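K.L.:
Using only what follows, build the 3D model:
(chains A, B, C and D)
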Number of protein chains: 2
Amino acid sequence: MLQQLTTLDEATPGALRPVLQPLPKLTEAGARLLEAAAALFYERGVRAVGVDLIAETAGTTKKTLYDRFGSKDALVALYLLQRAHRWRQHLLTRLAEGDDESRVLGVFDALEAWMGAQRRGCAFVNAYAELGDSEEHPAVPVIRAEKAWMRALFDALTGDIALGAHVHLLYEGTIVVRTAGAGADTATHAREAVRIALAAGGSAPR
Amino acid sequence: MLQQLTTLDEATPGALRPVLQPLPKLTEAGARLLEAAAALFYERGVRAVGVDLIAETAGTTKKTLYDRFGSKDALVALYLLQRAHRWRQHLLTRLAEGDDESRVLGVFDALEAWMGAQRRGCAFVNAYAELGDSEEHPAVPVIRAEKAWMRALFDALTGDIALGAHVHLLYEGTIVVRTAGAGADTATHAREAVRIALAAGGSAPR
DNA sequence: AGGTAACCATACCGGTCTGTATACTCGCAG
DNA sequence: CTGCGAGTATACAGACCGGTATGGTTACCT
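P.N.:
Okay, the predicted model is just below:
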């Protein structure tokens, strides 16, 4: 089952295939640049962070940045690609060692653990919001692929398309409300909502 | 009931009170500026739009913009305030003339009608994503108030806090998935999810 | 007639943006 | 020992940013 999940991307349409491509190998300074960019992009937003700051934070120069990544847009896309990679690793690790009663609820546990230290919500939603109407930005397919992957995950975990869609809506809603909302009890309500959805879904969670 | 909803803000904590303040009266050029800013902000994002462009689009000057609004930040906050105002008006109008079977589902119908022509998702979530770590931005309380208002609306419509939270998660998730997701069947799945939540909530929708 | 608020037009400020260019050092493999 | 990839350092281009300053022109109100 988990083996199937880790290769879930290959079952998705061709447009989403690149997401599975292994992350490109980076030089030493390149890795520092991506790490610095990721932290800054997530915390302040991709438009609010300039390449000068990224290079300085990484202890290197703009020259190296452009030699390695070509453009800021490409760096943004790679940042999201790496983040998706890490989130899936975190998720699948948690699901592997989760208790058997419900892997679906395990996703929400993993989300809670993941977001515990991160106050800025979903990096993909944030990036999409900032890209505006530039639909041709290289990060857009990465964002869409991430959402499609999560939806496919819930479909697989619940074994039902409607139920998967329901839980996926709860998943995305949870992130939004936890971030921009006020409620501190979001996690509790989300878990209860998932239980209700699963109970009404007819099939027991696998 | 609807009378109660229209004054829902007054029941919220003091911090959210300013949201109820009537929209300030604008001069002629001021109104054009706000209208131009609203369209540009929503379509391209608040950071991507400069005050020069806003003034030019409105057929006026930066001088007038700063005379009327004081700062770009204040203009952003007012843009969101006006948008919240219009969304609530749209929503309450639709709920008033909705069929009796379920006002909760009516919210999702109103959302569908509202978002039909708008491709950029939730203006509040987008703005929050762009503001980054500047928590002192004047738009932040407007955003939080909007989410709190929607949550309070669902609480009132369902008559149950847990159920209101559940439906609110579905509501926020629907916007995200419809925008950044791929699924075209989001509306159908969302309605079905709401029906399940209501059926399991115990109390019939009012 | 006088005052005032609104508006238009234009120029400017310091700063920042992405991206490029030049010149140098270092380690290493052929 | 030579060539080259990688990295450092600095400077610069051209555009754009939010915000300010100056001045002139309506329209309305008392």
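K.L.:
CA only for contacts and neighbour counts going forward, please
P.N.:
OK.
K.L.:
Closest residue of chain A to DNA strand C?
P.N.:
Across chain A, no residue is closer to DNA strand C than A:Gly50, which sits at 3.0 Å (CA to the nearest atom of the strand).
K.L.:
Look up how far B:Ala148 lies from that residue.
P.N.:
34 Å (CA to CA, to the nearest Å).
K.L.:
With A:Phe108 instead?
P.N.:
A:Phe108 is 22 Å from B:Ala148, by CA to CA.
K.L.:
Now do the contacts for A:Leu40.
P.N.:
A:Val46, A:Val49, A:Ile54 (CA atoms under 8 Å, 6 or more residues apart in numbering or on different chains).
K.L.:
okay, now the second one: neighbour count?
P.N.:
What that stands for is A:Val49. A:Val49 is flanked by 15 other residues according to other CA atoms under 10 Å in any protein chain shown.
K.L.:
what's near enough to touch it?
P.N.:
Counted by CA under 8 Å, 6+ apart, A:Val49 has contacts A:Leu40, A:Phe41.
K.L.:
residues from chain A in reach of DNA strand D?
P.N.:
A:Thr27, A:Glu28, A:Ala29, A:Gly30, A:Gly59, A:Thr60, A:Thr61, A:Lys62, A:Lys63, A:Thr64, A:Arg68 (CA under 7 Å from any atom of the strand).
K.L.:
State the distance from the residue of chain A positioned farthest from its centre to B:Ala152.
P.N.:
The centre of chain A is farthest from one residue, A:Lys63, which by CA atoms, centre = their mean lies 29.4 Å away. Taking CA to CA as the measure, A:Lys63 falls 52 Å from B:Ala152.
K.L.:
swap in A:Ala139?
P.N.:
From A:Ala139 over to B:Ala152 (counting by CA to CA), the distance is 35 Å.
K.L.:
One more: A:Leu198?
P.N.:
25 Å.
K.L.:
and if you look at A:Met115?
P.N.:
From A:Met115 to B:Ala152 the distance is 25 Å (CA to CA).
K.L.:
Which one's more surrounded, those two?
P.N.:
Counted by other CA under 10 Å, A:Met115 and B:Ala152 do not tie: B:Ala152 has more neighbours, with 21 against 16.
K.L.:
can you tell me the helix or strand for the more buried one?
P.N.:
Assigned by DSSP states H and E, B:Ala152 belongs to helix B:139-158.
K.L.:
and the angle for the helix or strand just after that helix with helix B:139-158?
P.N.:
The C-terminal neighbour of helix B:139-158 among helices and strands, as given by DSSP H and E, is helix B:161-180. Using axes from the mean of the first three to the mean of the last three CA atoms, to 10 degrees, the inter-axis angle of helix B:161-180 relative to helix B:139-158 is 120 degrees.
K.L.:
ok, and what's touching the helix or strand following helix B:161-180?
P.N.:
Along the chain past helix B:161-180, the next helix or strand (assigned with DSSP H and E) turns out to be helix B:186-200. Residues from elsewhere that reach helix B:186-200, judged by CA under 8 Å, 6+ apart: A:162, A:165-166, A:169, A:193, A:196-197, A:200, B:105, B:108, B:112, B:163, B:166-167, B:170-171, B:174, B:177-178, B:204-205.
K.L.:
ChimeraX command to pick out the buried ones of those residues?
P.N.:
Buried residues within those, by 16 or more other CA atoms under 10 Å in any protein chain shown, are selected in ChimeraX with:
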select /A:162,165,166,169,193,196,197,200 /B:105,108,112,163,166,167,170,171,174,177,178,205
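K.L.:
any weak-confidence spans in chain A?
P.N.:
A:1-22, A:97-101, A:132-133, A:182-183, A:201-206 (pLDDT under 70).
K.L.:
Quick check, central residue of it?
P.N.:
Closest-to-mean residue, chain A, CA atoms, centre = their mean: A:Ala84 / 4.2 Å.
K.L.:
got the buried residues for stretch A:66-81?
P.N.:
A:Arg68, A:Phe69, A:Lys72, A:Leu75, A:Val76, A:Ala77, A:Leu78, A:Tyr79, A:Leu80, A:Leu81.
K.L.:
Just the ones in helices from the residues you listed, please.
P.N.:
A:Arg68, A:Phe69, A:Lys72, A:Leu75, A:Val76, A:Ala77, A:Leu78, A:Tyr79, A:Leu80, A:Leu81 (DSSP state H).
K.L.:
Dump the residues you listed into a markdown table; add distance to A:Asp185 as well.
P.N.:
Output for these, formatted as a markdown table (distance: CA to CA, whole Å):
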| residue | distance to A:Asp185 |
| --- | --- |
| A:Arg68 | 44 |
| A:Phe69 | 41 |
| A:Lys72 | 38 |
| A:Leu75 | 36 |
| A:Val76 | 33 |
| A:Ala77 | 33 |
| A:Leu78 | 34 |
| A:Tyr79 | 30 |
| A:Leu80 | 28 |
| A:Leu81 | 30 |
